[in-house]
Every structure is written in C-alpha cells, then in structure tokens.
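S.K.: sharing a model that was predicted from the sequence below.
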Amino acid sequence: MVEVRFQLFLLVFLAVVMMPLLAGWIHGEARWGRQRGGREESSLLRCSICTYVYVDDMCDELPRCPRCGTYERRGEGPS
Ligand SMILES: [Zn+2]
C-alpha cells in the first residue's frame, strides 16, 4: 500500500519537475533554430586579412576573426 503511494508520488513529482524543463528545452531549441534560420551558408567565414577560416557561431552583425580580430562582412564565406 505504502509502496504504491510512493511510486505514485514519485511519478507525479517527476512529471511536475520534468514538464517545465522539457517545455523550456523545446522552447529554447525552437528559438535557437529561428535565430540560426537562413544563416547556415554564411556560418563558415574566412578572414580577409589572415585567411583564417572559422565558424561564426555568435550570430553577430559583424563577426570578428578569432585570430587577428578583424571584423568581417557577411556573405564573404570561403569559396
Ligand atoms: Zn583574421
């Protein structure tokens, strides 16, 4: 009797705790996907000064070369 109540309590507790986490995770994934939308082709950039190729994961308007610090314009990916 007590065993069944404990299992039920555990099930309800996990559902109450996990549902907001799961909803937040799904919401975050959807938001991240929207931010990344349409930028997949330009996520790989090459610095025009030092020719260093890097992945632009900051989604900034002016991505910055991690090697020399030069600001790059979008749409000038490696060819
Ligand atoms: Zn550079």
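M.R.: Okay, I see it. Residues are numbered from 1 along each chain as shown.

S.K.: how much space separates the residue most central in space within the chain from the ion?
M.R.: Centroid-nearest residue in the chain, with CA atoms, centre = their mean: Trp32, separated by 5.1 Å. To the ion, Trp32 is 27 Å away according to CB to the ion, to the nearest Å. C-beta here means a position set from N, CA and C on the backbone, and glycine is covered the same way.

S.K.: just Gln7 next, same as before
M.R.: The value you get for Gln7 to the ion, if CB to the ion is used, is 59 Å.

S.K.: check which helix or strand covers that residue.
M.R.: Assessed by DSSP states H and E, Gln7 sits inside helix 2-36.

S.K.: does Cys68 sit in a helix, a strand or a coil?
M.R.: coil (DSSP: H, G, I helix; E, B strand; the rest coil).

S.K.: any residue of stretch 48-60 up close to the ion?
M.R.: Yes. Counting by CB under 5 Å from the ion, the ion has neighbours in stretch 48-60: Ile49, Cys50, Tyr52.

S.K.: got a winner among those for most neighbours?
M.R.: Of all those, the highest neighbour tally under other CB atoms under 10 Å goes to Tyr52, namely 14 neighbours.

S.K.: one step back: the helix holding Gln7: what's the following helix or strand?
M.R.: Counting by DSSP H and E, the next helix or strand C-terminal to helix 2-36 is strand 44-46.

S.K.: strands paired with that following strand, and their directions?
M.R.: Next to strand 44-46 in the sheet, as set by DSSP bridges, lie strand 53-55 (antiparallel).
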